[in-house]
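Engineer: got a predicted model here, sequence first, then my questions.
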Amino acid sequence: MAEAHCPASCGELLQGWILGGEKLVSCPINWFSYVSVTEDVPLGLERPRMRQMLERVLKHLDIVPEATGMLRIEYDSTIPVGKGLASSTADIAATAQATARFYGHELSPETLAALCVSVEPTDSTFFSSLTLFDHQTAGTQISLGWAPDLKILLLESPDIVLTEDFHKRDRRAALLARETQLEQAWQYLSTACEQQSPQRLGEAATLSAIASQDLLPKHGFNELLELAEQNKIYGLNVAHSGSVIGLIYDDTQHDKDFIYDWIQHHQLDKFYPQVHEVCMTPGGVR
């Protein structure tokens, strides 16, 4: 048996038209998809694209394709699907690494990136530090050299957004119209990582979230934005192709109970009935 696990992402810290094309910076959190590969009959209880990824890895390793019929994929993941939490990336990246390990190999993040984007648009959660990533081609991979240790209140909406359908929409004009905002957000995030500044990171994520609001509106966004404007949190980030919102904070600097009270006072729990307390974590397939 070979095993691997990959983190989810609380939406993105940035996503939009940056450096000449659409790119993103994922927000890895301590919520994982665990995958094992064993020599056995396939169960057929696999999440979408897992088998496809296994077959891509067999090809990459020059192993006969018929081997797929002798390999069983099993997984354990509670990451919600269709919310913008990078559940699919976690699944297929962990599947890729588990398959490679079964044959005694270890895939680099760069190889994982190439394999994953060959299957679908992909988050950058398999890089150890925050990384600006071209999620459709893997052509851009700019490491920012920082893996922040910050808390997030993850607000989960019941709304489902299918990432594949979202990326089929013609969003080029809308993305270009927000290029200036995203360029500023990118500069803020670059500075945040150089200085390891949570405040600047929050500003970058919030600016990207504001730019995303016209493309995929989030319920109660203005009420949550006010939390950041009053310095009650570092900032907020959103799933740019999903429905979750993250409130970025530090429990030594911010009052978590106040944030919960704010959510209830503004009746935002009707839009976000589930709130998860998570932490940002280094990315990478373990």
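Structural biologist: Okay, I see it. These numbers come from a predicted model, not from an experiment.
Engineer: which parts of the stretch 51-200 of the chain are strands?
Structural biologist: Defined through DSSP state E, counting those that start in this stretch, the strands belonging to the stretch 51-200 of the chain, from first to last, are 71-77, 131-133, 141-143, 151-156.
Engineer: now for these, which one comes closest to Val238?
Structural biologist: Closest approach to Val238 among those (C-beta to C-beta): strand 151-156, 9.6 Å. For every residue, glycine as well, the C-beta is placed using N, CA and C.
Engineer: mind listing the strands that closest one pairs with, and their directions?
Structural biologist: Listed by DSSP bridges, the sheet partners of strand 151-156 and their directions read strand 245-249 (antiparallel), strand 274-279 (antiparallel).
Engineer: tell me how far stretch 222-239 lies from the chain's centre.
Structural biologist: Between the centre of stretch 222-239 and the centre of its host chain there is 19 Å, according to C-alpha atoms, centre = their mean, to the nearest Å.
Engineer: dump the residue contacts of the closest residue to Glu110 other than its chain neighbours.
Structural biologist: In this structure, Glu110 finds its nearest non-sequential neighbour in Gln141, 6.7 Å apart by C-beta to C-beta, 6 or more residues apart in numbering. Contact partners of Gln141, counting by C-beta atoms under 8 Å, 6 or more residues apart in numbering, are 110, 113, 124, 127, 131-134.
Engineer: mind running it again at 7 Å?
Structural biologist: The neighbours of Gln141, taking C-beta atoms under 7 Å, 6 or more residues apart in numbering as the test, are 110, 113, 131, 133.
Engineer: quick one: low-confidence residue ranges for this structure.
Structural biologist: Residues of the chain that meet the criterion pLDDT under 70 lie in 163-170.
Engineer: just the helices from it, written as ranges.
Structural biologist: Applying DSSP state H to the chain gives helices spanning 50-60, 87-102, 109-117, 163-168, 172-177, 179-195, 198-212, 221-229, 256-265.
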